[in-house]
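Visitor: Sequence plus predicted model, see below.
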Amino acid sequence: GDSVTQMEGPVTLSEEAFLTINCTYTATGYPSLFWYVQYPGEGLQLLLKATKADDKGSNKGFEATYRKETTSFHLEKGSVQVSDSAVYFCALIKAAGNKLTFGGGTRVLVKP
Amino acid sequence: EAQVTQNPRYLITVTGKKLTVTCSQNMNHEYMSWYRQDPGLGLRQIYYSMNVEVTDKGDVPEGYKVSRKEKRNFPLILESPSPNQTSLYFCASSWAGVRDTQYFGPGTRLTVL
């Protein structure tokens, strides 16, 4: 079945550091890929998405590129802030599917 | 303000005592769903609803019921809660289905003793 694998956290880094969160997926065809973010005490919010191979999603300084050849959708940010501390979820929807499949989430803690 | 609200936010209960977690959205969304979030497992869908009176099972529906009598409300019912239903629950909604941006509620933390 479909699955999404994320690197385990927590990821702890200092302000202005470079952030990468790895995400790989298993799915047939060409799924759409998403990153959701969950700030402390809140529900999930869509951060960015990509719907086809080589698409780059971007928002709030975060970027992720849909790599079909490596079945990956890694999230990156060049200079993190304390306010980026959150749990990040990678997710997919299959091309003809009706279900969001989430990864296990990666907690990121940014220290001043 | 456009939002999804859930009540209660926190609940501690005992095994077998029926409970309902309410979910309401004010965006006139057709699609609503319930997820549970457990450590290391991400979010798993319990039930979803494409519109009023139309509901279907997600990945983990056992032990849960839902209803969609009005467009804005989608309550989650646990008829006889058990400790393995201790979890963080999220309601979500979107305009036209799972491919649209999902708007999540703030979550309900449920503990079943």
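Guide: Cool, the structure landed. Numbering: from 1, shown residues only, chains lettered A, B, ... in the order given.
Visitor: does residue A:7 really touch residue A:106, like I thought?
Guide: Yes: contact criterion CB atoms under 8 Å: residue A:7 and residue A:106 qualify, at 5.8 Å. All C-beta spots, glycine's among them, are computed from the backbone N, C-alpha and C.
Visitor: So for the two, which sits in the more crowded spot?
Guide: Taking other CB atoms under 10 Å in any protein chain shown, residue A:7 and residue A:106 do not tie; residue A:106 has more neighbours (21 against 16).
Visitor: Return the residues of chain A in contact with chain B.
Guide: Applying CB under 8 Å from any CB of the partner chain, we find that chain A lies next to chain B at A:4, A:8, A:32, A:36, A:41-46, A:89, A:91, A:93, A:97-100, A:102-105.
Visitor: Contacts only, for the residue in chain A that chain B sits nearest to.
Guide: Nearest to chain B, among the residues of chain A, is residue A:43, at 3.1 Å (CB to the nearest CB). Applying CB atoms under 8 Å, 6 or more residues apart in numbering or on different chains to residue A:43 gives the contacts B:4, B:90, B:92, B:103-107.
Visitor: do that again at 6 Å, thanks
Guide: Counting by CB atoms under 6 Å, 6 or more residues apart in numbering or on different chains, residue A:43 touches B:90, B:104-107.
Visitor: Quick check: of these, which lies closest to chain A?
Guide: For the contacts of residue A:43, the nearest to chain A is residue B:104 (3.1 Å; CB to the nearest CB).
Visitor: wait, isn't that closest one in contact with residue A:44?
Guide: Yes: here residue B:104 reaches residue A:44: they are 4.5 Å apart, a contact under CB atoms under 6 Å.
Visitor: beta partners of the closest residue to residue B:8 other than its chain neighbours?
Guide: Once flanking residues are discounted, residue B:8 sits nearest to residue B:108: 6.3 Å by CB to CB, 6 or more residues apart in numbering or on different chains. Counting by DSSP bridges, residue B:108 is bridged to residue B:89.
Visitor: ok, residue B:108 - how many residues close by?
Guide: 22.
Visitor: Quick one: distance of the lowest-mean-pLDDT helix or strand in chain A to the chain centre.
Guide: When each helix and strand of chain A is scored by mean pLDDT, DSSP states H and E, strand A:101-102 comes last, with a mean of 90. Relative to the centre of its chain, strand A:101-102 is centred 11 Å away, using CA atoms, centre = their mean, to the nearest Å.
Visitor: Note down every partner strand of it and its orientation.
Guide: Strand A:101-102 is paired, per DSSP bridges, with strand A:86-93 (antiparallel).
Visitor: Please could you give me each C-alpha atom of stretch B:52-68, formatted as PDB?
Guide: Taking Å, rounded to 0.1, in the frame of the first residue of the first chain, the C-alpha atoms of stretch B:52-68 are listed here in PDB:
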ATOM      1  CA  VAL B  52     -24.800  15.800   4.100                       C
ATOM      2  CA  GLU B  53     -25.900  12.200   4.800                       C
ATOM      3  CA  VAL B  54     -22.900  10.800   2.900                       C
ATOM      4  CA  THR B  55     -20.300   9.200   5.100                       C
ATOM      5  CA  ASP B  56     -17.600   6.500   4.600                       C
ATOM      6  CA  LYS B  57     -15.000   4.600   6.500                       C
ATOM      7  CA  GLY B  58     -11.400   5.700   6.500                       C
ATOM      8  CA  ASP B  59      -8.400   3.500   7.600                       C
ATOM      9  CA  VAL B  60      -9.300   3.000  11.200                       C
ATOM     10  CA  PRO B  61     -13.100   3.200  11.700                       C
ATOM     11  CA  GLU B  62     -13.500   0.400  14.300                       C
ATOM     12  CA  GLY B  63     -15.100   1.600  17.500                       C
ATOM     13  CA  TYR B  64     -16.200   5.000  16.000                       C
ATOM     14  CA  LYS B  65     -19.400   6.300  14.500                       C
ATOM     15  CA  VAL B  66     -20.200   9.600  12.700                       C
ATOM     16  CA  SER B  67     -23.200  11.400  11.400                       C
ATOM     17  CA  ARG B  68     -23.600  14.300   9.000                       C
END
